[in-house]
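**Student:** this one's sequence-less:
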């Protein structure tokens, strides 16, 4: 069964807008929640990650919001740029297991 | 440059043939993983190794085998390839399992005909 559900599948945003991608997980044993960015022809690269002891983490234009009680977390990309166009994967993990969402293809239009 | 090297970059393989995808890391990470990426399905774990000398099965292990003779190398073997194994294969590593971010290789695009 799909342990991490990611939405939307695709997203189109204008330059300067806010991109929001959502994920929900099932296993309460997960305690590490990374986001990966993947450009065409490349492997996924770690973008930002959060642990459940905080509700928000910000790195530059990228912010993770985390709701432990709802078992949901989201990625916000502020001031989205055409160079942010990529596929984004959320994941949920513990020491023994990491599960990925199905991915969101983000297109930022100039 | 520290990271993961995968080979080959791409391959077209006849069904029934045996194929080994190579993966080497130079970061001295203990844990290594093989994923396949298919459109709409995200990344699915094939096999993993928490440390040299040990391996385990992931979500989709059938038709694949791995070995971990040392820390750096983690080859993936398709004993007898089938068309459903057409996919992009990524090798990844982590210092100590899923509590750390993974470093991924650039992938191997495999087409089984």
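**Tutor:** Arrived safely. Please read these numbers as outputs of a predicted model, since none were measured by experiment.

**Student:** May I have the beta-bridge partners of the residue nearest the centre of chain B?
**Tutor:** Nearest to the mean C-alpha position of chain B, by C-alpha atoms, centre = their mean, lies residue B:34 at 2.9 Å. Beta-bridge partners for residue B:34, by DSSP bridges, are residue B:47, residue B:91.

**Student:** Residue B:44 is in contact with that one, correct?
**Tutor:** No. Counting by C-beta atoms under 8 Å, residue B:34 stays clear of residue B:44, with 9.9 Å between them. Using the backbone N, CA and C atoms, a C-beta is placed for each residue, glycine as well.

**Student:** Partner strands of the helix or strand of chain A with the lowest mean pLDDT, with direction?
**Tutor:** Taking mean pLDDT, DSSP states H and E as the measure, strand A:97-100 is the helix or strand of chain A with the lowest mean score, a mean of 88. As defined by DSSP bridges, the strand partners of strand A:97-100 come to strand A:86-94 (antiparallel).

**Student:** before we move on, back to that, report the contact partners of the residue nearest to the centre of chain B.
**Tutor:** By C-beta atoms under 8 Å, 6 or more residues apart in numbering or on different chains, the contact set of residue B:34 is B:21, B:23, B:45-48, B:58, B:64, B:66, B:74, B:76, B:89-92.

**Student:** and chain B, which of its residues are near chain A?
**Tutor:** Contact residues, chain B versus chain A (C-beta under 8 Å from any C-beta of the partner chain): B:4, B:40-45, B:90, B:92, B:96-107.

**Student:** 6 Å - rerun?
**Tutor:** Applying C-beta under 6 Å from any C-beta of the partner chain, we find that chain B lies next to chain A at B:42-43, B:90, B:97-99, B:101, B:104-107.

**Student:** and which of those residues is nearest residue A:38?
**Tutor:** Nearest to residue A:38, judged by C-beta to C-beta, of the residues of chain B next to chain A is residue B:104 at 8.4 Å.

**Student:** picking that back up, which element follows the least confident helix or strand of chain A toward the C-terminus?
**Tutor:** Where DSSP states H and E defines the elements, the next helix or strand beyond strand A:97-100 is strand A:104-109.

**Student:** Need the residues that contact the host helix or strand of residue B:24.
**Tutor:** Using DSSP H and E, residue B:24 falls within strand B:19-25. The contact list for strand B:19-25 (C-beta atoms under 6 Å, 6 or more residues apart in numbering or on different chains) reads B:4-7, B:13, B:72-78, B:81, B:89, B:91, B:93, B:108.
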